[in-house]
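# Next input, structure requested:
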Amino acid sequence: MIMKTVLITGSLALVGVLCVVLLTLFGPTTVASQYVKFAIMLVMFLVILVGSYWFVMVPPGRERQEGETER
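Residues are numbered from 1 along each chain as shown. Below is the predicted model of the structure:
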């Protein structure tokens, strides 16, 4: 379960960082591109906040609870 979360979060972060890097290196230096980069960074920050809250506050899933009762 944790590995699945890490893979999803890692792939989203990689795509976001790649977009920002490509915009920085090859994108236009306009105000609109700066807004796009800022929006991408805000979304990544919110994903980190929600992901950490979810990890701490949400109880483990049904699969994990059933696995613990069988032992």
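
# Contacts only, for the residue most central in space within the chain.
What sits nearest the mean C-alpha location of the chain, by CA atoms, centre = their mean, is T9, with 4.0 Å. Each residue near T9 by CB atoms under 8 Å, 6 or more residues apart in numbering is listed here: V47, G51. Yep, even glycine has a C-beta here, placed from its N, CA and C like the rest.

# how near is it to T30?
Separation of T9 from T30 (CB to CB, to the nearest Å): 30 Å.

# Helices of the protein, start to end?
2-26, 31-57, 62-70 (DSSP state H).

# mind putting these in a markdown table, mean pLDDT included?
Shown next, in a markdown table, are the helices of the chain (pLDDT from 0 to 100):
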| stretch | mean pLDDT |
| --- | --- |
| helix 2-26 | 77 |
| helix 31-57 | 81 |
| helix 62-70 | 57 |
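
# So what does G27 look like in phi/psi?
According to degrees, to the nearest 10, the main-chain angles of G27 amount to phi -80, psi 170.

# From V47, how far off is S11?
S11 is 12 Å from V47, by CB to CB.

# These two - which one has more neighbours?
Ranked by neighbour count (other CB atoms under 10 Å), S11 and V47 place V47 first, with 15 against 10.

# The more buried one touches V15, doesn't it?
No: V47 lies out of contact with V15 (CB atoms under 8 Å); the separation is 11.2 Å.

# Now for these two: what residues contact both?
Residues touching both V47 and V15 (CB under 8 Å, 6+ apart): there are none.

# residues touching L12, list them.
M44, V47.

# repeat that with 7 Å
For L12, the contacting residues are V47, by CB atoms under 7 Å, 6 or more residues apart in numbering.

# and stretch 46-59, which residues are buried?
Of the residues in stretch 46-59, G51 count as buried by neighbour count, 16 or more other CB atoms under 10 Å.
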